[in-house]
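# sequence and predicted structure, then a few things I'm wondering about:
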Amino acid sequence: MRDIMANMLDYMAWRGDLPFSQSPVSPVDGLILSTLSYIQFDNMLSNNPHEAITLSELSQMFLELSEEAVKSRLRTLKDAELIQALGESRRFGSLRLTAAEELLDEEKELQFAAITLLLEDGSAFAVFRGTDGTLTGWKEDLNLSFLDEIPGQRAARDYLEKIAGIYPGRLYTAGHSKGGNLAVYAAIRCEDHIRNRIQAVYNYDGPGFLKKVLADPGYREILNRVHTFVPQSSVVGMLLEHEEPYTVVHSTEEGLLQHEPYSWEVQGSGFAELRK
């Protein structure tokens with residue numbers, strides 16, 4: 001057992017004073033932003049990709065809400081700590097959030113949400129939400145097991161292409177759980193000139209794909225930029241087919257609870273990695 005079990009909240013306390021100009025985007029940064037995407041922003045963020053507010057401003061807006069209103073927007077109470085820490089952080093506080101998009105269609109069995117963060121160097125970081133608590137979201141997960149493409153994946157591709165069309169700089173994309181699958185899919189199926197701008201795709205315990213998707217030329221082109229992370233007893237991240245290598249991260253939980261991103265152990269600027 002390790003003496004200190006740190007998570008991404010500790011990472012922000014340790015490295016939150018380092019701007020991205022001094023310390024480039026890391027996989028832990030991607031997990032933090034992927035977790036942020038689970039918060040229900042509703043009318044707090046514009047869906048207009050030309051309008052943006054900083055994380056510090058968003059954090060202040062949360063502080064002004066009632067306790068009940070805050071809880072109604074969170075996946076877990078730790079998310080309240082996350083949004084406050086992000087707002088106070090030199091590293092994250094000045095990042096601008098834009099293009100908040102949420103789609104829920106029971107008939108199409110579509111549950112989709114995404115946000116984009118704009119870095120100081122002009123890079124755009126598109127982040128896709130994983131499954132929420134809706135029945136539609138769980139149905140969509142089931143559809144992943146037998147459909148070549150689900151509506152959420154098409155929405156992710158369209159979203160990434162929209163962001164790329166507005167912001168001409170470097171691109172990153174990420175997501176946890178189903179959000180990781182969407183991030184990879186969007187990178188596979190977007191237009192070639194957009195794929196060429198993608199610096200990294202971060203997939204945190206997201207399920208794989210049917211073999212038809214892995215045969216897509218876009219998958220081969222993006223493969224060496226896909227960074228997949230799974231906990232030691234991963235279930236979700238081992239579903240369906242994968243060809244990209246993956247990194248095993250130590251989780252402080254057991255069984256299915258290891259899927260929880262706050263349980264992933266951080267060491268310094270990266271994750272606590274295991275051999276298998």
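Structure's in. What do you need?
# what's around L257, how many residues?
Other residues lying near L257 total 12 when counted by other C-beta atoms under 10 Å. C-betas here are computed from N, CA, C, even on glycine.
# low-confidence regions, the stretch 151-276 of the chain specifically.
240 (pLDDT under 70).
# now with 80, please.
Filtered on pLDDT under 80, the stretch 151-276 of the chain yields the residue ranges 237-241, 276.
# who's in contact with G206?
Contact analysis of G206 by C-beta atoms under 8 Å, 6 or more residues apart in numbering lists 130, 175-184, 228, 236-237.
# excluding chain neighbours, what is closest to it?
The shortest distance from G206 to any non-neighbouring residue, by C-beta to C-beta, 6 or more residues apart in numbering, is to G180 (2.4 Å).
# tell me what the helix or strand harbouring T173 is packed against?
Assigned by DSSP states H and E, T173 belongs to strand 171-176. On a contact count with 3 or more C-beta pairs under 8 Å, 6 or more residues apart in numbering; DSSP states H and E, strand 171-176 meets helix 27-36, strand 124-128, helix 151-166, helix 178-189, strand 198-204.
# closest to P217 out of those?
helix 178-189 (8.9 Å; C-beta to C-beta).
# that older thread, the residue nearest to G206 contacts D205, correct?
Yes. G180 is in contact with D205 according to C-beta atoms under 8 Å; the separation is 6.6 Å.
# overlap in contacts, these two.
G237.
# from L110, how far off is L36?
Look at L36 and L110: by C-beta to C-beta, to the nearest Å, they are 22 Å apart.
# again, but for V235
V235 is 24 Å from L110, by C-beta to C-beta.
# higher neighbour count, these two?
L110 (20 against 14).
# for the more buried one, give me its contacts.
Neighbours of L110 in contact, by C-beta under 8 Å, 6+ apart: 103-104, 136, 140, 150-152, 155.
# pLDDT at it, what is it?
pLDDT for L110: 86.
# please state the backbone phi and psi of it?
Taking degrees, to the nearest 10, you get phi -120, psi 120 for the backbone angles of L110.
# identify the bridge partners of it.
Using DSSP bridges, the beta-bridge partners of L110 come out as D105.
# try F271
So, taking DSSP bridges as the rule, F271 has V266 as bridge partners.
# mind listing what it touches?
Applying C-beta under 8 Å, 6+ apart, the residues near F271 are 27-28, 229, 247, 249-250, 264-265.
# can you put the residues you listed in JSON lines and add distance to C190 and neighbour count?
Converted to JSON lines, the contacts of F271 look like this (distance: C-beta to C-beta, whole Å; neighbours: other C-beta atoms under 10 Å):
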{"residue": "P27", "distance to C190": "21", "neighbour count": "20"}
{"residue": "V28", "distance to C190": "25", "neighbour count": "23"}
{"residue": "F229", "distance to C190": "22", "neighbour count": "25"}
{"residue": "T247", "distance to C190": "24", "neighbour count": "13"}
{"residue": "V249", "distance to C190": "27", "neighbour count": "26"}
{"residue": "H250", "distance to C190": "33", "neighbour count": "18"}
{"residue": "W264", "distance to C190": "28", "neighbour count": "27"}
{"residue": "E265", "distance to C190": "33", "neighbour count": "20"}
